[in-house]
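*Asks:* Sharing a model prediction with you, sequence too.
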Amino acid sequence: MSYIERAVASVLKGRVSNSKCTLVTGARQVGKSTLIRHEFSGYNRVNFDDRLARLQAKEEPGLFFLNNPCPLFIDEVQKESGILEDIKRIVDETEERGMFLLSGSQNLELMKGMSESLAGRVSITELFGLSLREIHGVKFNRHFVPTAEYLREREKELKPYTDLWETIHRGSYPELYDVQRDWQEYYASYVSTYLERDINELISADSITFTKFLTAVAARTGEMLNYANIAGEVGVSEPTVKTWISILERTGIVFLLQPYSASALSRAVKTPKLYFRDTGLACYLTRWLTADTLKCSAVAGNMFETFMVSEILKSYTNEGMDYKFSIFYYRGRDKNAAGENEIDLIIEENGVLYPVEIKMSANPKANMGAANPVLDKVKEKTRGMGVILCLIDKKTYLRENLVALPISYI
């Protein structure tokens, strides 16, 4: 399998050169180890999948670091997070940069250990699966925001994203871009490995019940999160579902998109929306086994929206930016509206709110942005250009402040 250049590589190199310790987090098999091995080949490496390495790190840390000197890459560091105290001691005794590179799943224990042991000493970089830009070799690496400057710069390197539904169905895990890997076999193995290695110690339920839960959640990607509804389908308690959703979020399987909250929008819904980070995994769990059947299915719109939201999030992380305080959605009932208004995404930047609608349509209409004026109520902000992100083949203005964009603009 040939290495696909990762957009975040330059960001990661800069952080390593400026930090004593750098952590790369992300879901299983998004390419953390491959990225580090490729870009930092001069580092010594130890993998905490190796029980003997973990045992030595736990019981004889001095000997462990003699056998594994800096600069050191520790893979799967969450499996022996006690080593973080020893790393703290080492980095506190020197001003040297780039001493430690760590990778691991962003679970509760690891992040707790980072905040307690390496607070102020570690730079954290999040890695997703492959983006459309990476798959198609697009070097443009700025986060998606529909300003005139962004659109102008993006147009310098536009490429048509061919076989879109094949990509949505296949998913974003790098190993699947080795043509020899069978799709069903890969995801069956992924789910089994995830359950056995990442989840086993965090849940008390049997794997069959948790797999049923995974499937129920996958079937609701792109929808508002309803704990009671999922609990009823799976046959577990609502508090259990809340705990398990939190586990999915921490291990990089789902993303919870928070509602936009402002005092002027008092009628806004306060419930987050749930998205699977990888559409291929969601398709596997819900048994959409081909791209053609997915494209023509009742869930196609939700999968399309899920994929686009994930791509926008990747554009942030690949530039080294935090999206958590920049991307929201809106749903609410306004006094003058007959029903609920909804805006799929609100991107906030520099005091400007950019409304984004995601539509699986090649024929966008101006009324698709009818809810956008609700943002004018937020007095401390201004409303920016509205976007209909859709399957149109060229940029088309529907109004002066509303533009339909092909997905190639992401």
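*Replies:* Nice, I can see it.
*Asks:* pLDDT-wise, which helix or strand of the protein ranks last?
*Replies:* Lowest mean confidence among the helices and strands of the chain (mean pLDDT, DSSP states H and E): helix 108-117, at a mean of 63.
*Asks:* and after that helix, which helix or strand comes next?
*Replies:* As assigned by DSSP states H and E, the chain's next helix or strand after helix 108-117 is strand 122-126.
*Asks:* is it true that Phe73 touches Ser41?
*Replies:* No. Applying C-beta atoms under 8 Å, one finds Phe73 not in contact with Ser41, separated by 9.8 Å. Quick note: C-beta positions are derived from backbone N, CA and C, even for glycine.
*Asks:* more crowded one of those two?
*Replies:* Phe73 (24 against 9; other C-beta atoms under 10 Å).
*Asks:* Relative to the one helix or strand that one maps to, what are the paired strands and their orientations?
*Replies:* If you go by DSSP H and E, Phe73 is part of strand 72-75. Counting by DSSP bridges, the strands paired with strand 72-75 are strand 44-47 (parallel), strand 100-104 (parallel).
*Asks:* Not counting its own residues, what contacts that strand?
*Replies:* 32-33, 36-37, 40, 43-49, 65, 83, 99-104 (C-beta atoms under 8 Å, 6 or more residues apart in numbering).
*Asks:* Mark which of those residues are buried, thanks.
*Replies:* Among the contacts of strand 72-75, those classed as buried by 16 or more other C-beta atoms under 10 Å are 32-33, 36, 40, 43, 45-46, 48, 65, 83, 99-104.
*Asks:* hmm, which two among the residues you listed are most spread apart?
*Replies:* Comparing all pairs in the buried ones among the contacts of strand 72-75 by C-beta to C-beta, the longest separation belongs to Lys32 and Phe65, at 22.0 Å.
*Asks:* Ile245 against Ala216, yeah?
*Replies:* No. Using C-beta under 8 Å, Ile245 is not in contact with Ala216; the gap is 10.8 Å.
*Asks:* Spatially nearest residue to the residue of the chain most remote from its centre, not counting backbone neighbours?
*Replies:* Here the chain has its C-alpha centre computed as a mean, and the residue farthest from that point, by C-alpha atoms, centre = their mean, is Leu63 with 37.3 Å. Closest residue to Leu63 apart from its sequence neighbours, by C-beta to C-beta, 6 or more residues apart in numbering: Gln56 at 6.2 Å.
*Asks:* Can you name the residues that contact Ala57?
*Replies:* 48, 64, 80, 82-83, 86.
*Asks:* Can you name the residues that contact Leu132?
*Replies:* Contacts for Leu132 (C-beta under 8 Å, 6+ apart) come out as 138, 161, 167, 311, 407, 410.
*Asks:* again, but for Ile358
*Replies:* Applying C-beta under 8 Å, 6+ apart, the residues near Ile358 are 304-305, 308-309, 344-345, 389-390.
*Asks:* of all those, which comes closest to Glu380?
*Replies:* Each of those was checked against Glu380 using C-beta to C-beta; the closest is Leu345, at 19.9 Å.
*Asks:* Give me the neighbour count for the closest one.
*Replies:* 23.
*Asks:* helix, strand or coil for it?
*Replies:* Three-state assignment for Leu345 (DSSP: H, G, I helix; E, B strand; the rest coil): strand.
*Asks:* what's the answer for the one 10 residues further on, then?
*Replies:* Using three-state DSSP, the secondary structure recorded for Pro355 is strand.
*Asks:* Need the pLDDT of Leu274.
*Replies:* With respect to pLDDT, Leu274 has a value of 97.
*Asks:* Next, it: phi, psi?
*Replies:* phi -110, psi 130 (degrees, to the nearest 10).
*Asks:* how close does it sit to Glu223?
*Replies:* Distance of Leu274 to Glu223, computed by C-beta to C-beta, to the nearest Å: 6 Å.
*Asks:* Compare neighbour counts for these two and give me the winner.
*Replies:* More crowded of Leu274 and Glu223, by other C-beta under 10 Å: Leu274, with 23 against 16.
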